[in-house]
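Student: would you be able to build a 3D model of this:
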Amino acid sequence: MSLAPSRLMLKPAQLRLILQIADAGQLQQAAAACGLTQPAASRLLAETERQLGAPLFQRHPKGMTPTEIGASVLRRAGVILHEMTGLAQDVHALTEGLAGAVHVGAVTGPAVDYLVGAIRQIKAEAPGADVTVDVMPSRELLGHLVAGDMDFVLARILPEFDSAEFLIQPMRDEKVSFCVRLGHPLDTGQPVGLDRLMDQPWIMQQRGAPIREATLDAFATAGLSEPRNVVNSPSLLFTISYLAQSDAVAPLSDEVVQLLTAPPVSARFSRLRLERPISVPPYYLLSLRRRPPSPLAERLRALVIAKARQQRPLAD
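Tutor: Numbers count the residues shown, from 1 in each chain. Take a look at the predicted model:
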């Protein structure tokens with residue numbers, strides 16, 4: 001006669017007890033290991049054997065040994081307890097933001113600055129966390145966010161998107177630096193005016209990109225025509241390669257130039273000193289109001305904000 005499923009629903013305490021009995025060979029030692037009195041352990045074992053409909057141990061004057069059925073139950077009991085422990089650990093990790101998956105995006109500046117440090121901390125605490133990062137323009141980032149493809153983004157708010165859909169954490173404006181190869185003719189350590197940069201070769205992002213528009217606006221504000229000798233490329237890797245092999249000037253986010261020129265990278269690039277600073281409109285940390293964040297996404301979001309606050313005060 002087969003056993004009804006309800007008769008096979010053993011509790012973790014029952015599984016732990018029979019495993020301890022098999023290990024110790026003595027009910028008294030097994031009871032102590034499980035934090036039970038011997039009478040309580042005896043009642044629990046008897047209840048377990050009633051549920052299964054068969055004795056699990058042979059009783060001898062010197063101890064207890066598993067029956068054939070007991071040996072079969074013991075093989076599964078260890079697996080079941082291991083899986084239950086793993087399940088509890090998984091649930092704890094997920095609820096504490098130490099496991100699961102998170103997909104975020106950012107414009108270049110915060111991607112190489114705050115996001116890297118925050119992700120490194122997450123991975124130090126939870127190596128198994130599945131973290132995906134995309135670096136792209138704000139328009140693409142907002143499209144992915146609205147579609148539900150990303151948990152949050154570091155981007156600028158654009159007029160074609162309804163800002164009422166977003167939870168908005170102000171971050172800061174993005175500084176523009178002009179990057180050149182080390183030894184560039186204008187890399188003298190002295191401030192450089194835009195009038196001396198007009199006729200230089202340039203490599204810039206496509207028109208409409210915030211850093212390029214801020215750079216061209218700076219020329220216009222100074223009453224100067226925009227540079228004419230320009231290579232257009234959205235690729236940071238191509239830009240770096242082009243700079244290394246030419247006298248071109250590239251307007252990049254301050255964080256990227258800092259990464260290239262300072263330790264530990266210290267590549268052979270330099271930052272031109274400008275007479276006047278150039279800034280890009282501020283970016284924000286954006287998430288969808290209609291989509292509650294997972295614990296991992298919320299943990300990463302909080303770390304990004306904390307990293308940003310450690311370096312400079314956030315925008316109001």
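Student: can you pull out the strands in the stretch 151-300 of the chain?
Tutor: According to DSSP state E, counting those that start in this stretch, the stretch 151-300 of the chain carries its strands in the segments 152-155, 166-181, 202-204, 230-232, 250-253, 269-271, 278-288.
Student: nearest to residue 311, out of those strands?
Tutor: strand 166-181 (9.3 Å; C-beta to C-beta). C-betas here are computed from N, CA, C, even on glycine.
Student: go through that closest one and flag the buried ones.
Tutor: Neighbour-count burial for strand 166-181 flags 166, 169, 171-172, 174-181 (criterion: 16 or more other C-beta atoms under 10 Å).
Student: got JSON lines for the strands of the stretch 151-300 of the chain, with distance to residue 138 and mean pLDDT too?
Tutor: Output for those, formatted as JSON lines (distance: least, C-beta to C-beta, whole Å; pLDDT from 0 to 100):
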{"stretch": "strand 152-155", "distance to residue 138": "4", "mean pLDDT": "96"}
{"stretch": "strand 166-181", "distance to residue 138": "11", "mean pLDDT": "92"}
{"stretch": "strand 202-204", "distance to residue 138": "17", "mean pLDDT": "98"}
{"stretch": "strand 230-232", "distance to residue 138": "18", "mean pLDDT": "97"}
{"stretch": "strand 250-253", "distance to residue 138": "13", "mean pLDDT": "96"}
{"stretch": "strand 269-271", "distance to residue 138": "24", "mean pLDDT": "96"}
{"stretch": "strand 278-288", "distance to residue 138": "7", "mean pLDDT": "93"}
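Student: who wins for proximity to residue 189 among those?
Tutor: Among these, strand 269-271 comes nearest to residue 189, with 9.2 Å by C-beta to C-beta.
Student: thinking again about what came up before, between the buried residues of strand 166-181, which is nearest residue 84?
Tutor: For these, the minimum distance to residue 84 (C-beta to C-beta) is 39.1 Å, reached by residue 169.
Student: measure the closest residue to that closest one other than its chain neighbours to residue 66 for me?
Tutor: Nearest residue to residue 169, sequence neighbours excluded (C-beta to C-beta, 6 or more residues apart in numbering): residue 285, at 4.0 Å. Distance, residue 285 to residue 66, by C-beta to C-beta, to the nearest Å: 59 Å.
Student: looking at those two, which is more packed in?
Tutor: Per other C-beta atoms under 10 Å, whichever of residue 285 and residue 66 has more neighbours is residue 285, with 23 against 19.
Student: quick revisit: beta-bridge partners for the residue nearest to residue 169, please?
Tutor: Residues in a beta bridge with residue 285, per DSSP bridges, are residue 154, residue 169.
Student: isn't it up against residue 304?
Tutor: Yes - the pair residue 285 and residue 304 passes the contact test of C-beta atoms under 8 Å, sitting 6.5 Å apart.
Student: so what's in contact with these two at the same time?
Tutor: The contact sets of residue 285 and residue 304 overlap at residue 154 (C-beta atoms under 8 Å, 6 or more residues apart in numbering).
Student: where does the protein dip in pLDDT?
Tutor: In the predicted model, the chain carries pLDDT under 70 at residues 1-8, 86-90, 92-94, 96-99, 312-316.
Student: break it into its domains for me.
Tutor: Domain ranges of the chain: 5-95, 101-311, per automatic domain parsing.
Student: of those domains, which stretch is the most buried?
Tutor: Among the domains of the chain, ranked by average contacts under mean count of other C-beta atoms under 10 Å, first place goes to domain 101-311 (a mean of 17).
Student: sweet, I'm off.
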